[in-house]
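[1] Coordinates only, no sequence provided:
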């Protein structure tokens, strides 16, 4: 298995070493290493070695090689790792899909090593480094109770989506049936909560399932990796039929088909999304669009906005643009390689959120995207790549919502004639890398400041692996 590659070798070595916090007092772990998580990873790794799975992986590699991005330097540099991550993500979803034995599974994450396991990455679709993504596979034949418990500082936003499929499976993104968010959920006095799930109607935090229901997709969004933590989640089955677990042979046969269709879906999705949702923008993101959501439960624009663009830079250039935070609890900017997989965000600043950014005097934030260090704060490090994608996310908006276009689940725009009044992204330009500090002196960052910021970042990231 070739998933220990390139830029992630350092990450895996660091994850396997004894934990010495790089900044301040020891930080409490996130406790993502639940028995269900470790068993799911062992199962996926075991089956990943089977010949039928490796044959499917070879087919996926052929799909990637045939794509236009494979002809670019950045696409070639990251192709093998992209194949590996899409293959493992599709397999992980497939072999752990058992609604009668659900677990809360940490998914769509970077390669990691813990508890004697070397786990391939499972990222896709421009993942957000500030999200702890988790999934629970459910169905309409069972009833469930999901408990959440705070582990310190609560996330900037948490959302639970009831979907008709895991993202990228069943040939769709996962159409939203219902959504619950921290803004409209009921919490216990101690900060915990309970969500009931089943085909019958109920009050409180409840998902009423329908025959199409297949998964609950969870995002704990962290604007401060050191002070905030995802909720500790546990799920139990309270009603429904008993079924026998599938054998490794049965799981492998199913996964070989599922993982190839998963990769095919995302390879078809990426160019369509670029052409529609971002209107083909290059380097400078357009004005943001509202995310899809159930308006009756606080979704859509209240959930958040996004914007993004294809990055196409020379090594001696930088993209610089300024954005307003729209009073969002979370604002983040992230770079991904041409296959829409984030670069190293543990040891390098491949993303910057509102808890990590240096803000301008007027409250706006100026980001600088470059392949080499521009010597300023808010640098989105492309890990040396000249081509890829940037994505901006505003989440947990407060107060009045500005008019905007709306993005559908499949990445198509629903236009709003008043959206032109939304001027959140501004002052975008491509400038010589050597001029960034002269043009933006207030953002100048010394080597010692950079080192401290990266140490703080790494310490916060390491909480995910302890």
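    Arrived safely, thanks for sending. Since we're looking at a predicted model, the values are computed, not measured.

[2] from here on, contacts and neighbour counts on C-alpha atoms
    Fine.

[3] can you pull out the strands in the stretch 51-200 of the chain?
    With DSSP state E, counting those that start in this stretch as the criterion, the stretch 51-200 of the chain has strands at 105-106, 112-114, 117-119, 131-137, 143-149, 157-163, 176-181, 193-198.

[4] what's next to the first one, contact-wise?
    With contact meaning C-alpha atoms under 8 Å, 6 or more residues apart in numbering, strand 105-106 is reached by 32, 36, 37, 40, 132, 133, 134, 135, 136.

[5] ok, 6 Å please
    Defining contact as C-alpha atoms under 6 Å, 6 or more residues apart in numbering, one finds that strand 105-106 is touched by 37, 133, 134, 135.

[6] Check the last one too.
    If you take C-alpha under 6 Å, 6+ apart as the criterion, strand 193-198 is touched by 143, 144, 145, 146, 147, 148, 187, 205, 206, 207, 208, 209.

[7] try 7 Å
    By C-alpha atoms under 7 Å, 6 or more residues apart in numbering, the list of residues contacting strand 193-198 from outside reads 140, 142-149, 186-187, 205-209.

[8] just to revisit the earlier point, looking at the strands of the stretch 51-200 of the chain, which is closest to residue 246?
    Relative to residue 246, the nearest member of the strands of the stretch 51-200 of the chain by C-alpha to C-alpha is strand 131-137, separated by 15.0 Å.

[9] okay, the contacts of strand 105-106 in CSV with distance to residue 431 next?
    What follows is the contacts of strand 105-106, written out as CSV (distance: C-alpha to C-alpha, whole Å):
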residue, distance to residue 431
37, 45
133, 35
134, 39
135, 41
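
[10] ok, and the most crowded of those?
    For the contacts of strand 105-106, the largest number of neighbours (other C-alpha atoms under 10 Å) sits with residue 135, at 23 neighbours.

[11] Would you enumerate the residues in contact with the closest residue to that residue other than its chain neighbours?
    Beyond its immediate neighbours in the sequence, the residue positioned closest to residue 135 (C-alpha to C-alpha, 6 or more residues apart in numbering) is residue 217, lying 4.7 Å away. Residues touching residue 217, when contacts are defined by C-alpha under 7 Å, 6+ apart, comprise 134, 135, 136, 160, 161, 162.

[12] What of residue 243?
    With C-alpha under 7 Å, 6+ apart as the criterion, the residues that contact residue 243 are residue 100.

[13] Whichever strand or helix holds residue 252: which residues count as buried?
    In this assignment (DSSP states H and E), residue 252 forms part of helix 248-276. Applying a neighbour-count criterion of 16 or more other C-alpha atoms under 10 Å, one finds 251-252, 255-267, 269-270, 272-274 buried in helix 248-276.

[14] tell me what that helix is packed against?
    The helices and strands touching helix 248-276, judged by 3 or more C-alpha pairs under 7 Å, 6 or more residues apart in numbering; DSSP states H and E, are helix 51-65, helix 73-95.

[15] make it 8 Å
    When contacts are defined as 3 or more C-alpha pairs under 8 Å, 6 or more residues apart in numbering; DSSP states H and E, helix 248-276 sits against helix 35-48, helix 51-65, helix 73-95.

[16] Pick the most buried one from those.
    With neighbours defined by mean count of other C-alpha atoms under 10 Å, none of the helices and strands packed on helix 248-276 is more surrounded on average than helix 73-95, at a mean of 23.

[17] got the angle for that one vs helix 248-276?
    Counting by axes from the mean of the first three to the mean of the last three C-alpha atoms, to 10 degrees, helix 73-95 lies at 140 degrees to helix 248-276.

[18] Next, the angle from helix 73-95 to helix 51-65.
    Angular relation of helix 73-95 and helix 51-65 on a 0 to 180 degree scale: 150 degrees, by the same axes, to 10 degrees.

[19] Quick check: next helix or strand after the helix holding residue 252?
    Counting by DSSP H and E, the element after helix 248-276 in chain order, helix or strand, is strand 289-290.

[20] from the chain's centre, how far out does that following strand sit?
    Taking the mean of its C-alpha atoms, strand 289-290 sits 18 Å from the chain's own mean (C-alpha atoms, centre = their mean, to the nearest Å).

[21] Given that strand, what are its sheet partners and their directions?
    Strand 289-290 has its sheet partners listed here by DSSP bridges as strand 304-312 (antiparallel), strand 405-407 (parallel).

[22] Looking at those, which is nearest to residue 372?
    Among the strands paired with strand 289-290, the nearest to residue 372 by C-alpha to C-alpha is strand 304-312 (14.1 Å).

[23] Pull the residues that contact the closest one.
    Under the contact criterion C-alpha under 8 Å, 6+ apart, strand 304-312 has outside partners 274, 278, 280-291, 386-397.

[24] neighbouring contacts of the helix or strand just after that strand?
    If you walk from strand 304-312 toward the C-terminus, the next helix or strand you reach (DSSP H and E) is strand 317-323. Strand 317-323 is contacted from outside by 283-284, 313, 364-371, 374, 424-433, 436, using C-alpha under 8 Å, 6+ apart.
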